[in-house]
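Chemist: Provide a 3D model corresponding to the input given below.
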Amino acid sequence: MLIKLFGAAVQGIDATIVTIEVNTSRGIKFFLVGLPDSAVKESHERIVSAIQVNGYKFPTCQIVVNMAPADIKKEGSSYDLPLAVGILAATGMVAADKLAKYLIIGELGLDGSLQPIKGALPIAIAARQQGFEGFILPKQNAREAAVVNNLAVYGAENIAEVINFFNGTHELKPTVVNTREEFYQHQSTFQYDFSDVKGQENVKRALEVAAAGGHNIILIGAPGSGKSMMAKRLPGILPPLSLGESLETTKIHSVAGKLGKNVSLIATRPFRSPHHTISQVAMVGGGSNPQPGEISLAHNGVLFLDELPEFNRSVLEVLRQPLEDRHITISRAKYTLDYPANFQLVASMNPCPCGYYNHPTRHCVCSPGQVQRYLNRISGPLLDRIDIQVEIVPVPFEKMAERESGESSAEIRKRVIQARKVQSERFADTPGIYSNAQMTPALLHKYACPDERGLNLLRNAMERLNLSARAYDRILKVSRTIADLELSESIQPHHLAEAISYRSLDRANWAG
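Modeler: Residues are numbered from 1 along each chain as shown. Below you'll find the predicted structure:
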């Protein structure tokens, strides 16, 4: 008897429907074809055990299973459940009349229990697009898939529930999630707040400007000056995710298996902070079983690189293209994948190997050559993509002992949202541009052209401070953001002066 039912394969962050055909005939062999990997081939033993433990007899006949399309590699153990149901349906133990209406996915334990899978959200989206009536999957993933509208999502705990559902002896209740309510309920929940930071007003201002314009930023300061502490608080002042951004971010984390149990939507911007020993593949994605890398997991959020010069130079260089293109294309012999990578880079570093160059009270033991070699670990093209460079001075005791709290993240966030609204209206007719940091030279001439006084100030600053040529465009972009925070239509000299102060590493005499 020939039976057809449906599963799914995840490629990149999207899913492809897989047709599973099961045919039984006289004989005793079991054949599984359609480019399955080792985990799929091993499903036979799990299926046999799960069926027998739940009181059913594994068929004693020849079974041929085909997984189409055959040119797509089937990976992982999530095909256990549809294969088991298909085998039982082909031998008449499961009613086959409703199988074509449902997408089925899930990993089986030896006792028939269903284990969580990766990629439930993109599979649910594909199921709705293909017109399936329902989606049956492990209960742990049900809330994640249930954010997709117009699709009945059924979470099952074991194979017996699924068998009885198709036989009409047990009813599975669909999982219902109020997507918008869940999303807006958790949008303003943050672990860290800027009110905890004592002093450092100039650095908090720089982070506010970076958040308002989507600018990449690097913090340079001695150990213990608060670089990591303030970087962790940046997501709390970024504009809230839109529902579309939240779905896209959740898809990436779903495919990577990074969503927690019973999580439906990621409502806050992600913050990723990989260790400096990270490899190129872990940073950009790929591998033998392709997975999103850290730059994609930070999509619509923040990628924080602590101790930037300690990262392998080749790892830092692979960031250059994603920072410009906002996505990464991974091409290998067997596959080509596109992952989104629209992240905001925040980096921190010590100013020298000992950490105390330009420190107000401690003496630096590094020679000028050592300081320059330390800075040279970061290439010019990468620094060229970082708009804001801020020096941090340690907080004096008087500031640390203050009992009054600083300005809260919520207050700063209001100003950031207001500035982003100005930018969204400005770039409404320019596709692909959403913030000042993304402005092209043509848009700079149109929206960030200072007056004569501003040009004189910029000319004097570049001559006296020996600023590099690449600093020119960055200063204009940042000054445009500062003007937006003040709701100013034109760039004033004091906007340019503040933007010039954020180019520490571009000064020719910075390292002595």
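Chemist: quick one: what helix or strand has residue 55 in it?
Modeler: Assigned by DSSP states H and E, residue 55 belongs to neither a helix nor a strand.
Chemist: In contact with it, which residues are there?
Modeler: By CB atoms under 8 Å, 6 or more residues apart in numbering, residue 55 lies in contact with residue 160. From N, CA and C alone the C-beta is placed, and that goes for glycine too.
Chemist: roughly how far apart are it and residue 90?
Modeler: The gap separating residue 55 from residue 90 is 19 Å, by CB to CB, to the nearest Å.
Chemist: ok, now residue 504?
Modeler: Residue 504 is 70 Å from residue 90, by CB to CB.
Chemist: quick one: which of these two has more around it?
Modeler: More neighbours surround residue 90 than the other of residue 504 and residue 90, with 25 against 17 (other CB atoms under 10 Å).
Chemist: That one against residue 25, yeah?
Modeler: No - Residue 90 lies out of contact with residue 25 (CB atoms under 8 Å); the separation is 9.9 Å.
Chemist: Let me know the secondary structure of residue 64.
Modeler: strand (DSSP: H, G, I helix; E, B strand; the rest coil).
Chemist: Quick check, pLDDT for the one residue sitting closest to the centre of the chain.
Modeler: Closest residue to the average C-alpha location of the chain: residue 297 at 2.5 Å, with CA atoms, centre = their mean. Residue 297 carries a pLDDT value of 96.
Chemist: List the contacts of it.
Modeler: So residue 297 contacts 252, 253, 256, 258, 270, 272 (CB under 8 Å, 6+ apart).
Chemist: ranking these by neighbours, who comes first?
Modeler: Neighbour-wise, the contacts of residue 297 (other CB under 10 Å) top out at residue 252, 27 neighbours.
Chemist: Tell me which helix or strand it sits in.
Modeler: Under the assignment here (DSSP H and E), residue 252 is part of helix 243-255.
Chemist: How many neighbouring residues does the closest residue to residue 143 other than its chain neighbours have?
Modeler: Computed as CB to CB, 6 or more residues apart in numbering, the closest residue to residue 143 that is not its neighbour in sequence is residue 264, at 4.5 Å. Here the count is done by other CB under 10 Å, and residue 264 has 22 residues near it.
Chemist: Tell me which residues touch residue 264, please.
Modeler: Residue 264 touches 143, 144, 146, 147, 177, 179, 182, counting by CB under 8 Å, 6+ apart.
Chemist: what about residue 83, how many neighbours?
Modeler: Counted with other CB under 10 Å, residue 83 comes out at 25.
Chemist: That one and residue 493: what is the separation?
Modeler: Taken as CB to CB, the span from residue 83 to residue 493 is 70 Å.
Chemist: any idea what sits nearest residue 206, other than its immediate chain neighbours?
Modeler: Closest to residue 206 by CB to CB, 6+ apart is residue 390, at 4.5 Å.
Chemist: Repeat that for residue 148.
Modeler: Looking at residue 148 with CB to CB, 6+ apart, the closest residue is residue 124, at 4.3 Å.
Chemist: Equivalent analysis for residue 160, please.
Modeler: Closest to residue 160 by CB to CB, 6+ apart is residue 54, at 4.7 Å.
Chemist: Likewise for residue 281?
Modeler: residue 287 (5.4 Å).
Chemist: I'd like to check which residues are in contact with residue 254.
Modeler: 118, 119, 120, 121, 122, 144.
Chemist: quick one: which of the residues you listed sit in helices?
Modeler: 120, 121, 122, 144 (DSSP state H).
Chemist: what does the model give the second one for pLDDT?
Modeler: Spelled out, it's residue 121. pLDDT, residue 121: 94.
Chemist: ok, it - how many residues close by?
Modeler: Residue 121: 28 neighbours (other CB under 10 Å).
Chemist: Surely it touches residue 147?
Modeler: Yes - Residue 121 lies in contact with residue 147 (CB under 8 Å); the separation is 7.0 Å.
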